[in-house]
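K.L.:
Sharing a model that was predicted from the sequence below.
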Amino acid sequence: MIFNDRRHAGKILAQKLLKLKLNLKNTTVAAIPRGGVAVAVEIADTLGVAAYPLVIKKIGAPQNPELAIGACASWGKPVWDRWLIADLKIPADYLKKELLNKKREAQAREKFLDVKISPARFKGKIVIVVDDGLATGQTVIAASKIIREFEPKELILSVPCGSPAVIEKVEADYDKVICIEQSADYWAVGQFYKDFAPVSDSEVKEMLTAGYR
């Protein structure tokens, strides 16, 4: 399936989630900026639940920033792909420097979006983590580790697309994983969208202030 755009993907995912017959009074959505927010607002609107941004920063490889070797939030421990780091022979100094940079970027984005992670938003609740697709899976693994610290009742991952190998990798971190399009011939998230234009922080802020936060 090729999605028209992120909102189209969100509408389809929302219908899948409705079939789970969740207790929507005890459900909330954790949206990963930036692209994941555009998907999440449609899910939140359809389900009639709140959506909160969860800022996670991808840590890219040297000379190839789009290749995720890890991910982090503004606080807490990062998630690393140790096998990939070893295979690429990435030095420890690079990892330390990039981690510090990404934590600062996460803090800056949270400040711009006026976001503060609150345990009360997730504790004892069914939490649906939403992104616009999976590449390496590091971002959603980091999200799961952060939210698990807040003791949710159930943790569900809802994404439009991903490779079977990455879906299998992230399943250990979630109680349920919903993915519409799984393809072994997977090379980029954007291949499953007609419109995969970048989403700016300003657009994310506008979505959140429109009533989804």
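P.N.:
Here it is on my side, so go on.
K.L.:
rest of the way, CA atoms for contacts and neighbours
P.N.:
Noted.
K.L.:
after the lengthiest helix in the chain, next one along is what?
P.N.:
The helix spanning the most residues in the chain, taking DSSP state H as the definition, is helix 92-113. Where DSSP states H and E defines the elements, the next helix or strand beyond helix 92-113 is strand 126-130.
K.L.:
Partner strands of that next one and their direction?
P.N.:
Sheet partners assigned to strand 126-130 using DSSP bridges are listed as strand 27-31 (parallel), strand 154-162 (parallel).
K.L.:
got a markdown table for the ones you listed, with mean pLDDT, mean neighbour count and distance to residue 92 too?
P.N.:
Converted to a markdown table, these look like this (pLDDT from 0 to 100; neighbours: other C-alpha atoms under 10 Å; distance: least, C-alpha to C-alpha, whole Å):
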| stretch | mean pLDDT | mean neighbour count | distance to residue 92 |
| --- | --- | --- | --- |
| strand 27-31 | 96 | 26 | 31 |
| strand 154-162 | 97 | 25 | 29 |
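K.L.:
Select, out of those, the one closest to residue 119.
P.N.:
The closest of these to residue 119 is strand 27-31. By C-alpha to C-alpha, the value is 12.1 Å.
K.L.:
Can I get the following helix or strand past the closest one in CSV? Just the C-alpha atoms.
P.N.:
Going down the chain from strand 27-31, the next helix or strand is helix 35-47, by DSSP H and E. Extracted in CSV, the C-alpha atoms of helix 35-47 (Å, rounded to 0.1, in the frame of the first residue of the first chain):
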residue,chain,number,x,y,z
GLY,A,35,6.6,13.1,11.1
GLY,A,36,5.0,10.9,13.7
VAL,A,37,2.9,13.8,15.0
ALA,A,38,1.1,14.2,11.6
VAL,A,39,0.2,10.5,11.8
ALA,A,40,-0.7,10.7,15.5
VAL,A,41,-3.2,13.6,15.3
GLU,A,42,-5.4,11.6,13.0
ILE,A,43,-5.3,8.6,15.3
ALA,A,44,-6.0,10.8,18.4
ASP,A,45,-8.9,12.6,16.6
THR,A,46,-10.6,9.4,15.5
LEU,A,47,-10.2,7.6,18.8
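K.L.:
List the contacts of helix 35-47.
P.N.:
Applying C-alpha atoms under 8 Å, 6 or more residues apart in numbering, the contact partners of helix 35-47 are 6-11, 13-14, 18, 24, 28-31, 50-51, 53, 130-133, 198-199, 204, 207, 212.
K.L.:
Mind doing that once more with 7 Å?
P.N.:
Residues from elsewhere that reach helix 35-47 (C-alpha atoms under 7 Å, 6 or more residues apart in numbering): 6-7, 9-11, 13-14, 29, 31, 50-51, 130-132, 199, 204, 212.
K.L.:
Tell me the helices and strands packed up against the longest helix of the chain.
P.N.:
strand 57-61 (3 or more C-alpha pairs under 7 Å, 6 or more residues apart in numbering; DSSP states H and E).
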